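Chemist: Here is my input; please provide its structure:
(chains A, B, C and D)
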Protein chains: 2
Amino acid sequence: MKELIEYILQFGNLNKQQIDLIASKATELELRKNEYFSEAGKIPTQVGFVVKGIIRICCYGNEGEEITKYFIDENRLVVDYENFDANLVSSDYLQAVTDCKLIVFSKRDWEELYNAIIGWDKIVSRAVQKAFQIHLERRTALVSEDAVTRYLSFMEKFPTLVNRVPQAYIASYLGITRFSLSRIRKNIH
Amino acid sequence: MKELIEYILQFGNLNKQQIDLIASKATELELRKNEYFSEAGKIPTQVGFVVKGIIRICCYGNEGEEITKYFIDENRLVVDYENFDANLVSSDYLQAVTDCKLIVFSKRDWEELYNAIIGWDKIVSRAVQKAFQIHLERRTALVSEDAVTRYLSFMEKFPTLVNRVPQAYIASYLGITRFSLSRIRKNIH
DNA sequence: TGCTTTTTTTGCCAAATGGCAACTGCTATT
DNA sequence: AATAGCAGTTGCCATTTGGCAAAAAAAGCA
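Modeler: Numbering: from 1, shown residues only, chains lettered A, B, ... in the order given. You can find the predicted model right below:
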């Protein structure tokens, strides 16, 4: 919980009362490896914060391949934001890559915070914007890199993930096959 | 100007007085092909709206290659948002791909709107978020596609740009060489 | 521990993409 | 009309990446 508060305070100030209100609405959620935080075909119902573990965002491509779009690890918000916000059916899965411990807010509780805390909307939109920005930057970099460079940048950007995530997921995030990734790793070490 | 107002009203309501205020701060700006709207090494100083023409966002990669990150055409906001907002030196160029006509707001005027119009911050953050979202989606799709598919999706997403933008720019946006793009086009037609 | 299942590696070859130089064609300018 | 300057194309070949099947290694489970 301390981590969540710290995370939020990056984006704006809150007094003790407001912090307590947020804490009072928070619930713990555990997910076992491979379980879903939210699913394609459904409307996302909660906002989460990763206390322990790794979540990936993924979907299925035109030929049925699994595509990993992003990884979210400790001390990050996890939410299918655009669909959560707009009450739309998502086309992505948010899946636990490892066993996870999360702090979650129901949609209802989350929305109550907008009324109860002045400036909450600003805090949220800054947090979301920052997250989009970083995500976009990484994606953009990938497009113009070759496979080896993609993997090297991945290790720079996500140094703590390399050994906790199946290679096939990393490969699909990088837009290369798991075979290629395996060969690249061999040549680097 | 009508287009700008329409664009803004997508993201929230404004009364006539507020609209007039916005209009009163707007300035026209013409850019000739290849001129810059904002430059790497500088702090972005204005927000623009493209009335006519195409702008591209680009930068230089590690080997000195030019990388086109995105295109912005008619009826879209054009701004190096994160750096504009945070007063940071940018590492991107925003360059006119064709002769352009823009509506622009100085940083000072833009900030006055936050004080003068209640809810302006919400409108802006919705607009920015939407833009990020779309941009991110496109980038993400590119990563897992092969060169031919990248070009086909480009034509779907930017049908009006294909014949107005030099192929080399499109190629660098897609993360392929201009030679490959030329061959791909030959095989498709 | 032993067995099954999943993940990763590897060999072999095919297909896709890149790199370079030369060539073509267009446009703008004089 | 002549020329210069880009943008785009093409041929030739090298390099990178993919695809598949089989083997090896690791992880999970009874």
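
Chemist: going forward, measure contacts and count neighbours with C-alpha atoms only.
Modeler: Will do.

Chemist: Any buried residues in stretch A:59-74, and which?
Modeler: A:Cys59, A:Ile67, A:Thr68, A:Lys69, A:Tyr70, A:Phe71, A:Ile72, A:Asp73, A:Glu74 (16 or more other C-alpha atoms under 10 Å in any protein chain shown).

Chemist: Serialize those to JSON lines and add fields for secondary structure.
Modeler: Shown next, in JSON lines, are those (DSSP: H, G, I helix; E, B strand; the rest coil):
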{"residue": "A:Cys59", "secondary structure": "strand"}
{"residue": "A:Ile67", "secondary structure": "strand"}
{"residue": "A:Thr68", "secondary structure": "strand"}
{"residue": "A:Lys69", "secondary structure": "strand"}
{"residue": "A:Tyr70", "secondary structure": "strand"}
{"residue": "A:Phe71", "secondary structure": "strand"}
{"residue": "A:Ile72", "secondary structure": "strand"}
{"residue": "A:Asp73", "secondary structure": "coil"}
{"residue": "A:Glu74", "secondary structure": "coil"}
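
Chemist: can you list the residues of chain A near chain B?
Modeler: Residues of chain A lying close to chain B (C-alpha under 8 Å from any C-alpha of the partner chain) are A:67, A:69, A:125, A:129, A:132-133, A:135-136, A:139-140, A:142-145, A:172-176.

Chemist: Of these, keep whichever come out buried.
Modeler: Members of the residues of chain A next to chain B classed as buried by 16+ other C-alpha under 10 Å are A:67, A:69, A:125, A:129, A:132-133, A:135-136, A:139-140, A:142-145, A:172-176.

Chemist: Quick test: name the residue nearest the centre of chain A.
Modeler: The residue lying closest to the centre of chain A (C-alpha atoms, centre = their mean) is A:Ile72, at 3.4 Å.

Chemist: Surely that one touches A:Ile55?
Modeler: Yes: using C-alpha atoms under 8 Å, A:Ile72 is in contact with A:Ile55, at 5.1 Å.

Chemist: intersection of neighbour lists for these two?
Modeler: Here A:Ile72 and A:Ile55 have A:Val78 as joint contacts, going by C-alpha atoms under 8 Å, 6 or more residues apart in numbering or on different chains.

Chemist: In chain A, mark out all the helices, start to finish.
Modeler: Along chain A, counting by DSSP state H, helices occupy A:2-9, A:16-25, A:81-86, A:107-116, A:120-143, A:147-157, A:167-174, A:178-188.

Chemist: any chance of those helices in JSON lines, plus mean pLDDT and distance to DNA strand C?
Modeler: Formatted as JSON lines, the helices of chain A follow (pLDDT from 0 to 100; distance: least, C-alpha to the nearest atom of the strand, whole Å):
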{"stretch": "helix A:2-9", "mean pLDDT": "96", "distance to DNA strand C": "29"}
{"stretch": "helix A:16-25", "mean pLDDT": "97", "distance to DNA strand C": "35"}
{"stretch": "helix A:81-86", "mean pLDDT": "94", "distance to DNA strand C": "27"}
{"stretch": "helix A:107-116", "mean pLDDT": "96", "distance to DNA strand C": "32"}
{"stretch": "helix A:120-143", "mean pLDDT": "96", "distance to DNA strand C": "10"}
{"stretch": "helix A:147-157", "mean pLDDT": "97", "distance to DNA strand C": "11"}
{"stretch": "helix A:167-174", "mean pLDDT": "98", "distance to DNA strand C": "4"}
{"stretch": "helix A:178-188", "mean pLDDT": "96", "distance to DNA strand C": "3"}
